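K.L.:
Got a predicted structure plus its sequence, pasted below:
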Amino acid sequence: MQRNCIADDYFCTQLLINHIIMAKNKNQKRKDAISLKNAQEALRFQVQWGLKKLGVAEGGVLYKLAIVELEYIAELGLTQDLLTMKKLIDGVEQKFGASVTADKAPFAQSIVCIALGIARVSDVSNIGLPMNWADAIAQKLLPVYFSDTVRNNAVAWAKQNGFNTSTYLGKPIAKFSNIYLIIDRTIEA
């Protein structure tokens, strides 16, 4: 049977194009899902490693709180933000030998952030109420504190290493997907 109609060829071509586009979308969604799963596993491993370095027992209360907090972080879509924050904080620490100020910022209430090194506390066993990540997303701007001598170097390093930086009310910030990190000075009393 011979087709003489141009419309049939057009229709077949459109079906083929639609099939190719759907296959590409399906592959992209699959790649995104695998990437997200890998990021969540990386975050979980880094938190477990950090807890072990802090001396937190694997079956202990803080360990269980960290696992629950990780699940909540994953549900809110903050996994990649926390991995990128860790990369920023670790980079500053490696370059300048200075870490964030202990017992400062809302991140000091998060056992996950403490395990990742995004926050420091003087005594892990004195962690109070866990951080409310839904409020953190709503607040959008969260501070992290460095000593006065390191803060400007930290901001310059972040700019040089491809972090999305800007200023907000005269203070430098690093922008992530859901959270903006204010890089602030520790005010010594």
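P.N.:
Okay, I see it.

K.L.:
Please count neighbours and contacts with C-alpha atoms only from this point.
P.N.:
OK.

K.L.:
In this structure, where is pLDDT below threshold?
P.N.:
1-12, 15-16, 19, 22-27, 128, 188-189 (pLDDT under 70).

K.L.:
ok, which stretches of it are helices?
P.N.:
6-54, 61-76, 79-96, 111-116, 133-139, 148-160 (DSSP state H).

K.L.:
hey, which of those helices is tucked in deepest?
P.N.:
helix 111-116 (a mean of 25; mean count of other CA atoms under 10 Å).

K.L.:
Mind putting the helices of the chain into JSON lines with distance to Leu169?
P.N.:
Listed next are those as JSON lines, based on distance: least, CA to CA, whole Å:
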{"stretch": "helix 6-54", "distance to Leu169": "32"}
{"stretch": "helix 61-76", "distance to Leu169": "27"}
{"stretch": "helix 79-96", "distance to Leu169": "21"}
{"stretch": "helix 111-116", "distance to Leu169": "25"}
{"stretch": "helix 133-139", "distance to Leu169": "15"}
{"stretch": "helix 148-160", "distance to Leu169": "15"}
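
K.L.:
In contact with the closest residue in space to Val112 that isn't next to it in sequence, which residues?
P.N.:
Spatial nearest neighbour of Val112, chain neighbours left out: Ala66 (5.6 Å); criterion: CA to CA, 6 or more residues apart in numbering. Ala66 makes contacts with Val47, Ile111, Val112, as judged by CA atoms under 8 Å, 6 or more residues apart in numbering.

K.L.:
If we use 10 Å, what do you get?
P.N.:
Arg44, Val47, Gln48, Leu51, Tyr72, Ser110, Ile111, Val112, Cys113, Ile114, Ala115, Pro130 (CA atoms under 10 Å, 6 or more residues apart in numbering).

K.L.:
Gln48 now?
P.N.:
Per CA under 10 Å, 6+ apart, neighbours of Gln48: Ala42, Leu54, Val56, Glu58, Tyr63, Ala66, Ile67, Val112, Ala115, Leu116.

K.L.:
of all those, which comes closest to Arg151?
P.N.:
Taking CA to CA as the measure, Arg151 lies nearest Leu116 of the contacts of Gln48, at 19.6 Å.

K.L.:
distance of the nearest residue to Gln80 once chain neighbours are set aside from Gly117?
P.N.:
In space, and not counting its chain neighbours, Gln80 is closest to Ala39: 6.6 Å by CA to CA, 6+ apart. Distance of Ala39 to Gly117, computed by CA to CA, to the nearest Å: 17 Å.
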